[in-house]
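A.B. asks: here are the coordinates; sequence isn't available:
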């Protein structure tokens, strides 16, 4: 059986495992006050071209979203996000658990438009009853989006500008950041991301680490006292050095982008295979998640050979399915799948 | 200047003021443990034909919605509501403040359809990732809706059935309940409302009281220990007897519906006036809120004579405005307005 | 039967009722945007000698405490309070409902000492693990305290100084403020209170109003955008003018302090009566709450004549009981009680 | 330099690292739906003699406490705990963040007494104002306590009985459970713990794992739908199998208790060393945490050789310090320290 369910089915990249093993019996202080965390932070700062950014390591994506958003927002503010945004759909209400409303924006292929953000905020403050409504306190987007699509540099610049215009921070969920930056369609590097937003995070869980997300705060006015907020959200790892070691390895010799590029290459191979066999795509995704429209009987048949996710209903006879590749995907598995089609 | 901004511009019905004055120097225990509250509860139970209902008096609408919804839902559940529902738009996120997500349903003229509720819940549990999503834990509707429209008995029965089918409670926001039941278009009485839902409240603030909402819990499995929840939400009035006295008066000699009917009659007069002058309605509302489409210059002009609410933009040249009547509206004011049109 | 259970057993002072009746059919905008609220605010500002203070009207005490504290604190901060503080004991966890911990200080007769506040904060920041602990973000005290006692001007100045030293705001719960200021033992006026703290509120519910608390924010850096926080907490009264009218009346011709003084005089009479009959006091209270130590059989006997609150167990044979007077207490009732002793 | 700061300074036990390495490139489903988690659960159930217990794996201790407590309590309930309990002191208010109050019990050497629990609950319901107070909804204790002490079987049975008597669940924080059960002073096994409480967790982070806590729910009426609550708290690990693999290894061949026993032996050696050199203990701890009273100059001197935690002030000249051993402590380090004393 071949597995394309998601991008977190294996453990960690072998270089990470090696480093974890090598350092296993070292004694370090807890909670991130170790030299591995410091080293990893320095490397990330350099990679982002942000020598003064604050960096924090958390364990998982939902946790990071909830903790950052709660840390940034005032109690009466909400967070703008695409209707399809992870925080609006797949986090069991973690944002609301912290008391904040997700303010829904229209989306196209998972992306929001600067114009819609502008209109939302402008209309909000034009409404004489706005004091009775939840104020938009930040914008959340994901790069790549939940549909595998990417904002162009122009689009992200426009979003950045509209956020600055209205004086709200822009937060980028980079749970799959590597797969965005390594895409052949990307016209930005990590330094562009860092420059255009106020906070983002570099996903480790889905890009080569056992777990871990590195939050980069480039607008240092935000999250000035983040430590107790992390602790309060149950997001402070006792053996913090595990995060430091993993990110230090990922940001040595460009490992993060190299292994992300592998996932992209595998996705391209898979995409071409499906295309050549005449399959229809639901979305033209340039990253590691591929969305296809399959006949329901075809799905049944494919399930004998491979696992993948059903994403939704397309019409009476067809469903949308997702195949995900990752840093760990083996080319031979892709070939075997294509042969089977 | 004439005022049609909303239905809470005056104090209370004179009979209520009289009773408050009459009882002013009596000494009673606090927090609703007085005989006026007991008497009011008995009268409401009788009026609803629900001899065993639990009844609680709270102060305002947003407070009541937040307290009831938080009291009913489990921590990981959300509340289904129309996109236009008061809890989704005009409560400054009070539901999210208590940790719960508002799960948005499509609406037409402020109403949700049983079919959409059914689909939402069915699709939810069919989604293999539903454990990562906010579970629908109750349905919230308003009667009349935020657009002044009414569910028919058939429609409400269908909603009730679909809630029972999926084993979630149906909660009706009756902030303007009187104006619904007194409408000539209503095909239900309060006993029907009580029978078809699990919890509802009888709005006092907008229908003759200084303030106050009477929560009627007909499904007694819910909110079994509501007192500390009310207190915790800051919704427990020290001099609870003020609520008892008001509702006791409103439910003596059918005062509640009688004064609500007056508002309906005033709204009909106003509606006819506008119609005869050729004005266009945004929605055909049978209750005390009337929504019109006016040219923007016309609005300017009318503002010299009357106050009313701008509800939204219709097109480049037109806006939607709302005129509200109430138990206290004077017929001569309506006539003066019509003359001015 | 005579009633001394609490200070909120009657309605409102007759002058308030008269004014409410007089203005009953006037039409005003909602939510506090009416001229009565503006007038009341001006009078309060003048009374406090704080021409620029922000003033907000809320409905009840628990609600006010929870809303102010949640509005002031950052998400990871707690509020320092006496172990006996109302927020720590009798608010059903409303502070925790908003996500904040009550940080308990030792107390003597309901009062905290500046030295203890200083030590708490100093020790906190000296503890190397303080990032894992709840940071003290404000100090809450009540004046008078829950035991009827009063801070002297020296004591309050010391608390004010220690708060400024550590850069946290001082918040005074004045649910019974009038009964403190009108006490013969008070060495401060309302302007002293206003000057020495950052926020306080003037209790109406217990001092002559039907309900209502006036929050005075003298440190205007705090609660800059309080309106949506009030709304979100369900604490925004639709007919806000009811609060304006009541406080306008209370602050006309010094009514607030005059009626509070009556309660003090009644308490003094009651105290002297008990003392002459040889009763023992649990605390020497100079305000409207009197705490006595009574034999349990004596309590049984007294209950035939009067109602009052049992406050706690003193020893096997004795309990602590509370008798409360108010603006509405009749001297003849006190005399009747004393005769009965 | 020798390190005795805490019990989480190293990585994981070598057998765990070996297993993680061995399984690293296997593909498994996420979120705990893998065979390693199933196997680990079976082994734990057997070890606890609880064939039907529900078991959940979370990442860290504060997270586990907050998630379990929020999952069990109703919104208006609080959790009883020793004043020194981890949830009351060192979790940055994570319990309050979820809206719940920690109800403080007196403690002796970190332990609470059944009698005090009984009195608290009895007095609570005897108080006529209990509806205004936070209801005790569960009891939290830690085994071993924050001071390294252990409840005897008699003491735990008494606590269990008093909880059943008052119908509240007993929850045991077992962040250091292994070091309790492996102590020579323990008169209970894990099956006793399981039988006497309603929920407990087996700490991995401090006892041989990289991270991870295994929650064992023996009273299956509780936490029936725990999955979305875990997710909502940001506590659901994507690569759940990492937890399964670690606990499966810890519960193979009794590894968990074997390595815990090593920590105990090291602590005994250290204790004897200190004792022979005439040092004074603050508490007689039978587990891996040792608390000593040291002269402040002595502390300065010792810091040249070893790191350890300052726990508090004892008197003007002395402080309380903590030395912790763990599964990874080397005997030669203990000997070196003793020699240095």
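C.D. replies: In hand now; what should we look at? Keep in mind that this is a model prediction, so the values were computed, not measured. Residues are numbered from 1 along each chain as shown, chains lettered A, B, ... in the order given.

A.B. asks: let me know the secondary structure of residue A:320.
C.D. replies: strand (DSSP: H, G, I helix; E, B strand; the rest coil).

A.B. asks: so what's the residue count around it?
C.D. replies: 17 (other CB atoms under 10 Å in any protein chain shown). Using the backbone N, CA and C atoms, a C-beta is placed for each residue, glycine as well.

A.B. asks: so what's it scoring on pLDDT?
C.D. replies: Here the pLDDT value assigned to residue A:320 is 96.

A.B. asks: how about the most far-flung residue of chain A relative to its centre, what does it touch?
C.D. replies: Most distant from the centre of chain A: residue A:128, at 36.5 Å, with distances by CA atoms, centre = their mean. Taking CB atoms under 8 Å, 6 or more residues apart in numbering or on different chains, we find residue A:128 in contact with B:309-310.

A.B. asks: retrieve the pLDDT associated with it.
C.D. replies: At residue A:128, pLDDT is 90.

A.B. asks: and what of the one 10 residues further on?
C.D. replies: Looking at residue A:138, its pLDDT reads 98.

A.B. asks: just checking, what packs against whichever strand or helix holds it?
C.D. replies: Per DSSP states H and E, residue A:138 falls inside strand A:135-142. With contacts taken as 3 or more CB pairs under 8 Å, 6 or more residues apart in numbering or on different chains; DSSP states H and E, strand A:135-142 sits against helix A:61-72, strand A:77-82, helix A:114-126, helix A:153-166, strand A:170-173.

A.B. asks: ok, back up a step: the residue farthest from the centre of chain A belongs to a strand?
C.D. replies: No. With three-state DSSP as the criterion, residue A:128 is located in coil rather than a strand.

A.B. asks: need phi/psi at it.
C.D. replies: phi -60, psi -20 (degrees, to the nearest 10).

A.B. asks: from residue B:82, how far out is it?
C.D. replies: 22 Å (CB to CB, to the nearest Å).

A.B. asks: all helices for chain A, in order.
C.D. replies: A:14-22, A:35-48, A:61-72, A:86-89, A:94-97, A:114-126, A:153-166, A:177-181, A:190-196, A:226-232, A:241-250, A:255-276, A:296-302, A:331-340 (DSSP state H).

A.B. asks: right, and the ones you listed - which one's nearest residue B:191?
C.D. replies: Counting by CB to CB, residue B:191 lies closest to helix A:94-97 out of the helices of chain A; the figure is 35.4 Å.

A.B. asks: got the buried residues for that closest one?
C.D. replies: Residues of helix A:94-97 classed as buried: A:94-97 (neighbour count, 16 or more other CB atoms under 10 Å in any protein chain shown).

A.B. asks: list just the nearest of those residues to residue A:240.
C.D. replies: residue A:94 (21.8 Å).

A.B. asks: walk me through which strands the lowest-mean-pLDDT helix or strand in chain A pairs with, and which way each runs.
C.D. replies: Ranking every helix and strand in chain A by mean pLDDT, DSSP states H and E puts strand A:309-313 at the bottom, with a mean of 91. The strands beside strand A:309-313 in its sheet (DSSP bridges) come out as strand A:318-324 (antiparallel).

A.B. asks: now the angle from the partner strand to helix A:331-340?
C.D. replies: Angle, strand A:318-324 to helix A:331-340, by axes from the mean of the first three to the mean of the last three CA atoms, to 10 degrees: 160 degrees.

A.B. asks: so how far is strand A:318-324 from its chain's centroid?
C.D. replies: 20 Å (CA atoms, centre = their mean, to the nearest Å).

A.B. asks: tell me, how many residues neighbour residue A:253?
C.D. replies: With other CB under 10 Å as criterion, residue A:253 counts 9.

A.B. asks: report the separation between it and chain B.
C.D. replies: 35 Å (CB to the nearest CB, to the nearest Å).

A.B. asks: measure stretch A:274-287 end to end?
C.D. replies: 15 Å (CA to CA, to the nearest Å).

A.B. asks: in it, what's buried?
C.D. replies: Result for stretch A:274-287 [16+ other CB under 10 Å]: buried residues A:274, A:282-283, A:285-287.

A.B. asks: how about a markdown table for those residues, with distance to residue A:66 added?
C.D. replies: Shown next, in a markdown table, are the buried residues of stretch A:274-287 (distance: CB to CB, whole Å):
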| residue | distance to residue A:66 |
| --- | --- |
| A:274 | 36 |
| A:282 | 29 |
| A:283 | 27 |
| A:285 | 26 |
| A:286 | 29 |
| A:287 | 24 |
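
A.B. asks: may I see these organised as a markdown table, with pLDDT added?
C.D. replies: Output for those, formatted as a markdown table (pLDDT from 0 to 100):
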| residue | pLDDT |
| --- | --- |
| A:274 | 97 |
| A:282 | 97 |
| A:283 | 95 |
| A:285 | 97 |
| A:286 | 98 |
| A:287 | 98 |
